[in-house]
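K.L.:
got a predicted model here, sequence first, then my questions.
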Amino acid sequence: MKKYLCLSLFVLVGSVLISCSSSPTTAVPTFTVVLPTATSTPTQVYTLITSVEELAGTWQNADRFFFRFYTDGTYHQAHTVGDLESQPYAISKFWFEGTEMNVEDISVSGVPSCQPNIGVYEVRMLATGNIEFVSIMDKCTPRARETAHEFEPVP
């Protein structure tokens, strides 16, 4: 009985091996992977604002923050255009060093003060007539969150 079992097992293993062997004429399929090509994004045309006079005026961003820049090197921030003069939540000074605009808080009301931190931004005049503040360095997160946006002029 033991011999019969061993012989049966031998025949079974042999038939499995024979059925699993590959024929030398079997072709191996090949695949060609086509990767998508990179598409270029349009480059926004802008000029850099480098003086207090170029930035003077009232601007608003999509989040409804209003900034008014004065030719004396100060600016006010408010949630409505009407509050810019009477109730700004921040009054700051700004000046340019080359192509970089520096900002520093003078006084704030109802928002955290950024003093003594000075923020540094690049101000871009876009072809659309809007301006964009690009943060170069600002350790004051609330100020950077409100400033680093695109703004449109307020008539």
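P.N.:
Structure's in. What do you need?
K.L.:
neighbours around Val45, how many?
P.N.:
Val45 sits with 10 neighbouring residues when counted by other CB atoms under 10 Å. C-beta: built from backbone N, CA, C; applies to glycine.
K.L.:
would you mind listing the residues in contact with it?
P.N.:
Applying CB atoms under 8 Å, 6 or more residues apart in numbering to Val45 gives the contacts Leu126, Ala127.
K.L.:
how close does it get to Ser135?
P.N.:
21 Å (CB to CB, to the nearest Å).
K.L.:
repeat for Leu48
P.N.:
For Leu48 relative to Ser135 (CB to CB), the value is 15 Å.
K.L.:
below-threshold pLDDT in this protein: ranges please.
P.N.:
Across the chain, the ranges flagged by pLDDT under 70 are 1-43.
K.L.:
please enumerate the strands of it.
P.N.:
Using DSSP state E, the strands of the chain run over residues 46-48, 57-61, 66-69, 74-78, 90-97, 100-108, 119-126, 131-137, 150-153.
K.L.:
buried sites along the shortest one?
P.N.:
By neighbour count, with 16 or more other CB atoms under 10 Å as the criterion, the buried positions of strand 46-48 are Tyr46.
K.L.:
do the longest one as well
P.N.:
By neighbour count with 16+ other CB under 10 Å, strand 100-108 contains the buried residues Met101, Val103, Asp105, Val108.
K.L.:
could I get the strands of the chain as CSV with distance to Arg143?
P.N.:
Shown next, in CSV, are these (distance: least, CB to CB, whole Å):
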stretch, distance to Arg143
strand 46-48, 21
strand 57-61, 13
strand 66-69, 11
strand 74-78, 9
strand 90-97, 8
strand 100-108, 7
strand 119-126, 6
strand 131-137, 9
strand 150-153, 14
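K.L.:
point out the most buried one among those strands.
P.N.:
Burial of the strands of the chain is given as mean neighbour count (mean count of other CB atoms under 10 Å); strand 66-69 ranks first at a mean of 22.
K.L.:
output it as PDB, nothing but the C-alphas.
P.N.:
Extracted C-alpha coordinates of strand 66-69, given in PDB (Å, rounded to 0.1, in the frame of the first residue of the first chain):
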ATOM      1  CA  PHE A  66      -9.500  96.600   2.000                       C
ATOM      2  CA  PHE A  67      -6.100  98.200   2.000                       C
ATOM      3  CA  ARG A  68      -5.600 102.000   1.400                       C
ATOM      4  CA  PHE A  69      -2.000 103.000   0.700                       C
END
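K.L.:
give the other helices and strands that that strand contacts.
P.N.:
Contacts defined by 3 or more CB pairs under 8 Å, 6 or more residues apart in numbering; DSSP states H and E place strand 66-69 against strand 57-61, strand 74-78, helix 83-86.
K.L.:
brilliant, that's me finished.
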